[in-house]
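>>> Provide a 3D model corresponding to the input given below.
(one chain, ligands or ions: 1)
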Amino acid sequence: MTISSTLSGIAQGSAPSLPTHRVPDSIGQRPRRLRSTAAIRSMVAETRLDPAEFILPLFAVEGLDAPREISSMPGVHQHTKASLQKAVHEAADAEVGAVMLFATPAHRDPYGSEAWNPHGILAEAVRWSVEAEPDLPVVADVCLDEFTDHGHCGVLAPDGTIDNDATLPLYAEMSCVLADAGAAMLGPSGMMDGQIGVIRDALDQAGHTDTVLMAYSAKYASGFFGPFREAVDCQLVGDRRTYQQDPANVIEGLREVELDLEQGADIVMVKPAMAYLDVLAAARQISNVPVAAYMVSGEYAMIEFAAKAGAIDRKRCILEALTGVKRAGASMIVNYWSTEVAHWLRG
Ligand code: PBG
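Okay, here's the model as predicted:
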């Protein structure tokens, strides 16, 4: 309806009679002024997304013939060497900050020994990425869950519980192998006590004094990791509640952050992101290093499937979610949309 037709509608008496409460002559504060045009809104924006702060996770699978889409993560693939290198090129071209690599081996055992095989799939994937884009930092995941036949992040004691201290030397060896392969950063994600200190010590001993440790400090036992289990074909039965944190706790998360800082973490992480923004904001307050957030597989899936169902505007909600995570205190955001969003932001 045009304005004139509206006015003529009113003139014809079809409008309801409107309330006439008194409005002050002067409304002192008018915050809407700063929202009045796109240019002004942009000028006063307190938070801006930058692709340099994005980290793109990628999945390599040993023995795969062709890339395979992960059904619970539409648009995300398990990669072969060729498709991984293509994705790495695309991320670098879009000026994404880094890639983060996960890998699925052809053979698993109770110790996850392929994790520290210098020619295992994860070390190879690191080499493929570095070969494709030598200047793009590679973050390699340090954890055994993709490699163990029981799917836990650590090795098991005879009684079936997680053997924290027996796991640490395996993480240390895995870290040295991945640093040797060319990983500029390592992301220890297994939530074993003492892991950052043991890994830092082993790296220093091996001469890898420049390897950045991005510690998954406050990592919660989350249902939002669901699609990731498909992505890496995880064998887990049960859950990770004896090592990952209770979603109810924030003080405990901050304790984990403090411990990782004491042990030599260069970056601390909160994961997942959207249900833990209070943890992220609090971690930002107490840490003197950058704080990363990981928008995990289930957060990706929620937005993708809701958009596919026509319930939400995909692009708008992706940008809103990333902005919220950054606003809460993330210096960098691990997310599966990194390359696409980088194009939106640069374009
Ligand atoms: C453990 C690891 C997991 C994720 C990243 N590292 C799975 C888990 O802890 O169960 C989840 C990432 C995601 O859901 O996107 N190696």
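
>>> just checking, what packs against the helix ranked longest in the chain?
As assigned by DSSP state H, the longest helix anywhere in the chain is helix 164-181. Under the contact criterion of 3 or more Cβ pairs under 8 Å, 6 or more residues apart in numbering; DSSP states H and E, helix 164-181 touches helix 121-132, strand 138-142, strand 185-188, helix 195-205. C-betas here are computed from N, CA, C, even on glycine.

>>> Mind doing that once more with 6 Å?
helix 121-132, strand 138-142, helix 195-205 (3 or more Cβ pairs under 6 Å, 6 or more residues apart in numbering; DSSP states H and E).

>>> same question for the shortest one, mean pLDDT?
For strand 138-142, mean pLDDT is 98.

>>> and the stretch 201-347 of the chain, which of its residues are near the ligand?
Proximity of the stretch 201-347 of the chain to the ligand, by Cβ under 6 Å from any ligand atom, involves residues Phe225, Phe228, Arg240, Val296, Ser297.

>>> switch the cut-off to 8 Å
216, 219, 222, 224-229, 231-232, 234, 236, 240, 244, 271-272, 294-300, 334, 336 (Cβ under 8 Å from any ligand atom).

>>> ok now the longest helix of the chain, how far from the chain's centre?
Taking Cα atoms, centre = their mean, to the nearest Å, one finds helix 164-181 lying 22 Å from the centre of the chain it belongs to.

>>> Run through who's touching that helix.
With contact meaning Cβ atoms under 6 Å, 6 or more residues apart in numbering, helix 164-181 is reached by 115-116, 118, 123, 126-127, 140, 142, 154-155, 186, 192-193, 195, 198-199, 202-203, 206, 208, 211.

>>> and if you look at stretch 248-264?
With Cβ under 6 Å, 6+ apart as the criterion, stretch 248-264 contacts 196-197, 200, 215, 217-218, 245, 268, 279, 282-283, 286-287.

>>> All the helices of the chain, in order from the start?
Applying DSSP H to the chain gives helices spanning 3-11, 38-44, 81-93, 121-132, 164-181, 195-205, 226-231, 251-262, 277-286, 297-308, 314-328, 338-346.

>>> middle-most residue in this protein, spatially?
Per Cα atoms, centre = their mean, the C-alpha nearest to the average position across the chain is that of Tyr294, at 2.4 Å.

>>> looking at the sheet around that one, what are its partners?
Val334 (DSSP bridges).

>>> mind listing what the residue in the stretch 51-200 of the chain that the ligand sits nearest to touches?
Taking Cβ to the nearest ligand atom, the ligand has its nearest neighbour within the stretch 51-200 of the chain at Cys143, 3.5 Å off. Contacts for Cys143 were tallied using Cβ under 6 Å, 6+ apart; they are Cys153, Ser189, Gly190.

>>> Could you give the backbone dihedrals for it?
phi -170, psi 150 (degrees, to the nearest 10).

>>> Okay, it and Asp163: tell me how far apart.
Distance of Cys143 to Asp163, computed by Cβ to Cβ, to the nearest Å: 15 Å.

>>> do Gln78 as well
30 Å.

>>> likewise Leu101?
Leu101 is 26 Å from Asp163, by Cβ to Cβ.

>>> higher neighbour count, these two?
Leu101 (28 against 15; other Cβ atoms under 10 Å).

>>> so what's the more buried one scoring on pLDDT?
98.

>>> Pull the number of nearby residues for the nearest residue to Leu277 once chain neighbours are set aside.
Excluding the flanking residues, the one nearest Leu277 by Cβ to Cβ, 6 or more residues apart in numbering is Ala328, at 4.0 Å. By the criterion of other Cβ under 10 Å, Ala328 has 22 neighbours.

>>> wait, doesn't Ala328 sit right on Val279?
No - between Ala328 and Val279 there is no contact under Cβ atoms under 6 Å: 8.9 Å.

>>> Just list whatever residues bridge to Arg68.
Gln78.

>>> what's near enough to touch Arg30?
Here Arg30 is in contact with no residue (Cβ under 6 Å, 6+ apart).

>>> Distance of it relative to the ligand?
According to Cβ to the nearest ligand atom, to the nearest Å, Arg30 stands 43 Å off from the ligand.

>>> My guess is Ala231 contacts Ile70. True?
Yes - counting by Cβ under 6 Å, Ala231 touches Ile70, with 4.9 Å between them.

>>> more crowded one of those two?
Ala231 (23 against 20).

>>> Can you check the pLDDT for the more buried one?
90.

>>> coming back round to it: when you check the ligand, which of the contacts of Cys143 turn up near it?
Cys153, Ser189, Gly190.

>>> so how far is stretch 318-329 from its chain's centroid?
Centre to centre, stretch against its chain (Cα atoms, centre = their mean), the figure for stretch 318-329 is 12 Å.

>>> buried sites along it?
Ile318, Leu319, Ala321, Leu322, Thr323, Gly324, Val325, Lys326, Ala328, Gly329 (16 or more other Cβ atoms under 10 Å).

>>> show me the contacts for the fourth one.
For Leu322, the contacting residues are Leu49, by Cβ under 6 Å, 6+ apart.

>>> looking at it, Thr211 is touching Ala202, isn't it?
No - counting by Cβ under 6 Å, Thr211 does not reach Ala202; the two are 10.2 Å apart.

>>> where do the contact lists of those two overlap?
Common neighbours of Thr211 and Ala202 (Cβ under 6 Å, 6+ apart) do not exist.

>>> Next one: the residue nearest to Leu56 when sequence neighbours are not counted from the ligand, what distance?
For Leu56, ignoring the flanking residues on the chain, the nearest one in space by Cβ to Cβ, 6+ apart is Ser338 at 3.8 Å. Ser338 sits 13 Å away from the ligand, going by Cβ to the nearest ligand atom.
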